[in-house]
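S.K.: One predicted model, sequence on top.
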Amino acid sequence: MKTILIPVVCSLCVLWSGTVQAQTDTSPLLLSVSEGSSGGLDHAQAFIKYQGLVDVISRAMKAKVSLMFTREFEQLEDGMRTGRFDFVMARPSDYPARGMRDYGYSYISSAKPDGQCFIIVPKDSPLKVLADIKGKRIAMPDKVSYLSRFCAAELKSKGIALEKENVRFLREQGAVGFYLDSKLADVGGIASYSKLAAKWEKDGNRVLYKSVAQPYFPLVASKKIRPEQLQAIQAELLALSASDPGRETLKRMGIEGFDTASEARLRELLKWLNL
C-alpha cells in the first residue's frame, strides 16, 4: 500500500507546486500612482484617470497590470522598500528619486512639463524682483513638504535663506493664496503644476519668480523589470502624443507628454534638495 501511495502523493505535490507557480507567474504587475497630499481623487476616479497608462504598460509588458492609487507616503515608501510595487509614478518627485537611490528602481520617464517653484505676489504688490522678498512675510506649504524643500533649495541658491526669514508654513498649498488675498502674507511659494498656479495670473495676480525646472511626476520600475521591457514602455509612452487616443490619455492624466531623457536630473534631485 505504501509503495502505491508514495508515487501518488509525490505526483500530487508536483501538480500543486506547478499550480502555485503558474498562479504566481500570472499574477498582475502592480502600478502604484500617488498624487501626494494634494491628490483628492477616490479610487474610481483614479481608475478612469490612469487607465490609459495601465493599458500602455500592459501592452509593452505583454502582461496584466493592476492600478493601486496610493495616498499615504508611508505606504508608498514601504511598497518600494519591499518591492511590492512593480511600477511607481508619483508626485512629489523625491519619492521615485528615492526609489532609484535606495531601493534599486529604474528610471522610465517623467511628465511634461517639468515642475517649478513659483514665487507669487498679489496684483498690487510693490515687490518687483526676487531680492525684494527679504524681510517680508512669506507663506509656504508645510515645512517638510517637497514643494517647501524645492522652494528653499532654489531660494538658497539665490542667496535667500528661508530659515532666516519670516516664514509661515501652512498645511495646504491652496492656503498660500488665501494668505496673500487676506493680506496675511506678502509673498508665497507654490508649485507650477498646482491648481492655484493655473489660476493665479488669470485672476490678475503676478508670478514674481520661476525657479529652475526639475523632473515632474516620474515613473520608475522595480529591479525585476528587464532593460528591454523598460525600453518597450518608453517607446509606448513617447508614441502617445502621435495619436488621438494617446493625446486623450495624456489629457485625462493632466500632462502634455512624457520625457524619457531626464534620468540624470532625477538622480541629482535629492542632492539638490539636501535629502
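M.R.: In hand now; what should we look at?
S.K.: contacts, neighbours, all on C-alpha from now
M.R.: Will do.
S.K.: So, low pLDDT: which residues of this protein?
M.R.: Counting by pLDDT under 70, the ranges of the chain that qualify are 1-26, 37-40.
S.K.: ranges for the helices of it?
M.R.: Counting by DSSP state H, the chain has helices at residues 2-25, 43-61, 73-81, 94-103, 146-157, 174-181, 195-200, 227-239, 244-253, 263-272.
S.K.: Dump those into a markdown table; add distance to residue 118 and mean neighbour count as well.
M.R.: Output for the helices of the chain, formatted as a markdown table (distance: least, C-alpha to C-alpha, whole Å; neighbours: other C-alpha atoms under 10 Å):
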| stretch | distance to residue 118 | mean neighbour count |
| --- | --- | --- |
| helix 2-25 | 46 | 11 |
| helix 43-61 | 26 | 17 |
| helix 73-81 | 24 | 17 |
| helix 94-103 | 18 | 21 |
| helix 146-157 | 8 | 20 |
| helix 174-181 | 12 | 19 |
| helix 195-200 | 8 | 15 |
| helix 227-239 | 28 | 16 |
| helix 244-253 | 22 | 16 |
| helix 263-272 | 17 | 16 |
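S.K.: domains of this structure?
M.R.: Domains of the chain are assigned by automatic domain parsing as 24-114+214-272, 117-210.
S.K.: Quick check: buried residues in stretch 27-43?
M.R.: For stretch 27-43, a neighbour-count test (16 or more other C-alpha atoms under 10 Å) marks 29, 30, 31, 32, 33, 34, 35, 36 as buried.
S.K.: Quick one: end-to-end length of that stretch, please.
M.R.: One end of stretch 27-43 to the other measures 21 Å (C-alpha to C-alpha, to the nearest Å).
S.K.: ditto for stretch 102-119
M.R.: Using C-alpha to C-alpha, one end of stretch 102-119 lies 31 Å from the other.
S.K.: swap in stretch 96-114?
M.R.: By C-alpha to C-alpha, the extent of stretch 96-114 from end to end equals 15 Å.
S.K.: same question, stretch 153-164
M.R.: Using C-alpha to C-alpha, the end-to-end distance of stretch 153-164 comes out at 14 Å.
S.K.: ok, residues contacting it?
M.R.: Contacts of stretch 153-164 with the rest of the structure, by C-alpha atoms under 8 Å, 6 or more residues apart in numbering, involve 117, 131, 134, 152, 211, 212, 272, 273.
S.K.: Likewise for stretch 116-123?
M.R.: With C-alpha under 8 Å, 6+ apart as the test, stretch 116-123 has contacts from 127, 147, 150-151, 154, 180-181, 186-193, 197, 204-214.
S.K.: Many thanks, I have nothing further to ask.
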